[in-house]
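Asks: would you be able to build a 3D model of this:
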Amino acid sequence: MRNAARRVGSGALLICALAATVWAQGQATAGSPPAAPDQQSPDTSGEAKKDTANPVQEVVDLTKTQATKGLLKARDWESNRITGIYVGKYRALVTLTPEERREIYLRQTLTTPEAYVKRMFGALIDQAEGSPRQWQGGIGGFGERWASREGQFITANSLAAYGNYKLGYEVRYNRCKCDGLLRRTRHAFIRNLVTYDSSEEHLRPQWALYGGAFGGGALSTVWKPGSQNAVTNGVWGMVGQLGYGTLLNFVTEFASEINKKQGVR
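Replies: Down below sits the predicted model:
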C-alpha cells in the first residue's frame, strides 16, 4: 500500500507540473502581440502547431506510461509480513534491476518491523535455553541475545545480497508451478539449496546465501562471550540457514492453505 500511495503521489505531482508548464506557455503566448500573417512562414507555422498540439493528450500519455511502469513493477513479486518477498505461482521471474535488489535488501534486512520481530523469537528461544550461559537472564540478557542474533542476521544478509548481486543470482523464492503436497514440499526444500542465475532459467547452488550464513556465524564470535570458534559458529550459521530457510520456503509455498485453515481470507 505504501508503494502504491507513493506511485499515486508521484503521478499527481507529474500531472500538476505538466499542467503548470502548459498554463505558463499559454500565459506567455497570450501576453505577446500576434504575429502578422506575412511574418510567419508555412514551415514555422507547422512547427508551432506541432509544439503546442494537444497538451492534454501528452499528459494522459505520460500518466499511462507511469501507471504501466508501476503495474509491471508490481507484477514482479508479492510481499507478506511473515513470508517476505516472493514470486507467485502464476508470475514469471523477471530479472531484477540494481534498484530492485537494493529495495528487497533493505526491506528484508533493515526497514520493516518483521526484520526485527523474527529475531526476537529466536532470542526468546535462546533466553529459555539460557544460551549463551554467560549472559544473564531478565530483560538485560534478552537484549544481549536479541542484539547478537540481529547482528549475525544483518551480517549474513549483507554478505549474501552482495554475493548474489555480483553473481547475478535470484534472491526471491518462487512458488512451485505444480500441484501436490510432495512436489511442492520438495520444491520448497530444493529452492533453499539452489537458485536461478541471471537468465532466470538455470539453477545454481546458493553460494552467496550459505557463504553469507557462514560469514555471519563466524563474525558473531567477536561479541559472543567465552571461548568461541569462528569456524564452528560459521558452520552452525549454515545449518541454521538450512533449517530456517526451508521452513520459511515451506510457509511461503503453502501460505494460502495455511490461511484457509485459520479462516483467513
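Asks: tell me how far the residue nearest to the spatial centre of the chain lies from residue 125.
Replies: Nearest to the mean C-alpha position of the chain, counting by Cα atoms, centre = their mean, stands residue 104 at 2.2 Å. Applying Cβ to Cβ, to the nearest Å, one obtains 27 Å for the distance of residue 104 from residue 125. Placement of C-beta: from N, CA and C, glycine included.
Asks: equivalent analysis for residue 235, please.
Replies: 19 Å.
Asks: give me the more crowded residue out of these two.
Replies: Set residue 235 next to residue 125 and count neighbours by other Cβ atoms under 10 Å: residue 235 wins out with 15 against 11.
Asks: list the contacts of the more buried one.
Replies: By Cβ atoms under 8 Å, 6 or more residues apart in numbering, the contact set of residue 235 is 214, 217.
Asks: starting at the chain centroid, how far to the helix or strand harbouring it?
Replies: Secondary structure from DSSP states H and E places residue 235 in helix 230-253. With Cα atoms, centre = their mean, to the nearest Å as the basis, helix 230-253 stands 20 Å off its chain's centre.
Asks: going on from it, what's the next piece of helix or strand?
Replies: helix 255-261.
Asks: how distant is that following helix from the center of its chain?
Replies: On Cα atoms, centre = their mean, the centre of helix 255-261 falls 23 Å from the chain's centre.
Asks: CA atoms of it as PDB?
Replies: Below are the C-alpha coordinates for helix 255-261, written out as PDB (Å, rounded to 0.1, in the frame of the first residue of the first chain):
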ATOM      1  CA  ALA A 255       0.600 -19.700   2.800                       C
ATOM      2  CA  SER A 256      -2.800 -19.800   1.100                       C
ATOM      3  CA  GLU A 257      -3.600 -23.200   2.500                       C
ATOM      4  CA  ILE A 258      -2.400 -22.200   6.000                       C
ATOM      5  CA  ASN A 259      -4.600 -19.100   5.900                       C
ATOM      6  CA  LYS A 260      -7.700 -21.100   4.800                       C
ATOM      7  CA  LYS A 261      -7.200 -23.500   7.700                       C
END
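Asks: pull out the buried residues from that helix.
Replies: Buried residues in helix 255-261, counted by 16 or more other Cβ atoms under 10 Å: residue 255.
Asks: and if you look at stretch 93-110?
Replies: Applying 16+ other Cβ under 10 Å to stretch 93-110 flags 96, 100, 103, 104, 105, 108, 109 as buried.
Asks: what residues are up against the first one?
Replies: Contact analysis of residue 96 by Cβ under 8 Å, 6+ apart lists 76, 104, 170, 171, 172.
Asks: among these, which one has the most neighbours?
Replies: Ranked by neighbour count (other Cβ under 10 Å), those have residue 170 at the top, with 23 neighbours.
Asks: that one and residue 200 touch, don't they?
Replies: Yes. Applying Cβ atoms under 8 Å, one finds residue 170 in contact with residue 200, separated by 6.6 Å.
Asks: pull up the overlap in contacts between the two.
Replies: By Cβ under 8 Å, 6+ apart, the residues touching both residue 170 and residue 200 are residue 93.
Asks: related to what we said a few turns ago, wouldn't the residue nearest to the centre of the chain be in contact with residue 170 here?
Replies: No. The pair residue 104 / residue 170 is not scored as a contact, 10.6 Å apart, by Cβ under 8 Å.
Asks: quick one, domains of this structure?
Replies: Here the domain parsing of the chain from automatic domain parsing is 1-26+55-75, 95-261.
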